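# starting from these lines, generate the structure:
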Amino acid sequence: MARPMSVKLDPDTRARLDHLAESRRRTPHWMLREAVAQYVEREEKREAFRQDTLKAWEEYRTTGLHVTAGEADAWLAQLAEGNDIEPPECHV
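A predicted model of the protein is given here:
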């Protein structure tokens with residue numbers, strides 16, 4: 001069930017929102033809901049990426065396994081050329 005939430009906007013931002021909503025033939029309410037939904041989705045993806053990064057860093061610190069930048073670049077270059085090759089092996 002949706003629950004109401006108030007958002008306080010300064011007069012300039014409110015006027016801009018109203019103008020944009022009118023030009024898009026939407027309500028300010030719809031515009032705010034859409035903006036919040038897009039923001040939350042983007043930030044959830046950003047947080048998932050951050051968590052994956054922290055996990056990878058901890059795994060590297062534990063095992064020392066890695067590929068060099070040169071190895072990664074060579075692999076990516078092959079992929080860019082359309083060659084479906086396996087990634088390089090990790091090593092210490």
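# and the next element down the chain from the helix or strand in which residue 53 is found?
In this assignment (DSSP states H and E), residue 53 forms part of helix 28-63. Downstream of helix 28-63, the first helix or strand assigned by DSSP H and E is helix 69-80.
# give the buried residues for that next one.
residue 75 (16 or more other CB atoms under 10 Å). Bear in mind the C-beta positions are built from the backbone N, C-alpha and C, glycine included.
# contact partners of it?
67, 85, 87, 88 (CB atoms under 8 Å, 6 or more residues apart in numbering).
# and the third one, how close does it get to residue 75?
Translated: residue 87. 6 Å (CB to CB, to the nearest Å).
# common neighbours of these two, please.
Joint contacts of residue 87 and residue 75 (CB under 8 Å, 6+ apart) are residue 67.
# picking that back up, what's the farthest-apart pair in the contacts of helix 69-80?
Within the contacts of helix 69-80, two members stand farthest from each other by CB to CB: 67 and 85, at 13.3 Å.
# re earlier: show me what the helix holding residue 53 is packed against.
helix 11-23 (3 or more CB pairs under 8 Å, 6 or more residues apart in numbering; DSSP states H and E).
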